[in-house]
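> What follows is a predicted protein model with its sequence.
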2 protein chains.
Amino acid sequence: MGITKTDIFNEKQNRLASILKALAHPARIAILEHIIKQNACICNDLVNELGLAQATISQHLKELKSIGIIKGNIEGASVCYCIDPIVWQEIKTELNVFFTMDFKSNCC
Amino acid sequence: MGITKTDIFNEKQNRLASILKALAHPARIAILEHIIKQNACICNDLVNELGLAQATISQHLKELKSIGIIKGNIEGASVCYCIDPIVWQEIKTELNVFFTMDFKSNCC
DNA sequence: AAATTATATCGCAATATTACGATTAATATC
DNA sequence: GATATTAATCGTAATATTGCGATATAATTT
């Protein structure tokens, strides 16, 4: 198949999985790190920084935008990307809530 | 292509992406939640709980095992799965470190 | 020992992802 | 206005993922 049966899971499970999926690629991790390191916004020196084609970077940026963790502002001919601090914090919290689930370690 | 160029990214980026990828499916989120909810270990009432075939559940369990977040102990004819609290904590910390990166919000 | 139960693995089909070149659209510069 | 520059999108090829039935393996029960 290749298609996920989202209908048999609840909203939270699907949402969390989507967020994780959007982040689950080394290029996208690298993009986020780079945007953060350059403090303010960068456009596509990302293409030069990472060794990927412009079309590929653009696609990764789109996936990151899809969960709202970054936003792009048009600045003349180029686009300036930056972290959305609100969404960043929301995702951080959401992940933290998940990993703070209580479990007893008296296992097998 | 479909193949990730892992060689152009660093160890940390690849590792973090692998962890996120292993978690990035609603069935695997559901499996983790279920293992935790049932406190101690469960085997494959997972097959009954989630609406997926035995082969599919087994594959998801394998992926979760691949990052060490769960471990399976053979108990007679069945296998008892549980969270590895050490790895769970490590992953929680690793994600938290990532999301604690400093960035200024004086953006575009 | 035959039958049952529990899991892992194989093989396959359908779909998704990754990556890139080519094209397009929009602004900037000459 | 012609020409760069920047970035999104299209189309395509290669590979990965998801899901399942069938099969294989191992322990349990009858």
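It's in. Numbering: from 1, shown residues only, chains lettered A, B, ... in the order given.
> now the helices for chain A?
A:11-23, A:26-37, A:46-49, A:54-66, A:85-99 (DSSP state H).
> Dump these to a markdown table, plus distance to residue B:71, mean pLDDT and mean neighbour count.
The C-beta positions use only the backbone N, C-alpha and C, and glycine is treated the same way. Listed next are the helices of chain A as a markdown table, based on distance: least, Cβ to Cβ, whole Å; pLDDT from 0 to 100; neighbours: other Cβ atoms under 10 Å in any protein chain shown:
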| stretch | distance to residue B:71 | mean pLDDT | mean neighbour count |
| --- | --- | --- | --- |
| helix A:11-23 | 21 | 97 | 19 |
| helix A:26-37 | 26 | 96 | 20 |
| helix A:46-49 | 39 | 92 | 15 |
| helix A:54-66 | 32 | 97 | 15 |
| helix A:85-99 | 17 | 96 | 15 |
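> Surely residue A:78 and residue A:44 touch.
Yes: if you go by Cβ atoms under 8 Å, residue A:78 and residue A:44 touch, sitting 7.2 Å apart.
> Nearest to residue B:60, out of the helices of chain A?
helix A:11-23 (11.6 Å; Cβ to Cβ).
> Around DNA strand C, pick out the residues from chain A.
A:1-3, A:21, A:24-25, A:27, A:52-56, A:59-60, A:63, A:74, A:76-77 (Cβ under 7 Å from any atom of the strand).
> out of those, which touch chain B?
Among these, the residues within reach of chain B (Cβ under 8 Å from any Cβ of the partner chain) are A:21, A:24, A:25, A:27, A:52.
> what about the last one, neighbour count?
Going back to what we said before, that points to residue A:52. Neighbour count of residue A:52, defined by other Cβ atoms under 10 Å in any protein chain shown: 18.
> circling back to that earlier point, any chance of the ones next to chain B among the residues of chain A next to DNA strand C in JSON lines with distance to residue A:96 as columns?
JSON lines is the format used below for those (distance: Cβ to Cβ, whole Å):
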{"residue": "A:21", "distance to residue A:96": "18"}
{"residue": "A:24", "distance to residue A:96": "18"}
{"residue": "A:25", "distance to residue A:96": "22"}
{"residue": "A:27", "distance to residue A:96": "25"}
{"residue": "A:52", "distance to residue A:96": "31"}
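> what does stretch A:61-69 rub up against?
A:18-19, A:22-23, A:25, A:28, A:31-32, A:46, A:70-72, A:81, A:83-84, A:87-88, A:91 (Cβ atoms under 8 Å, 6 or more residues apart in numbering or on different chains).
> Many thanks, I have nothing further to ask.
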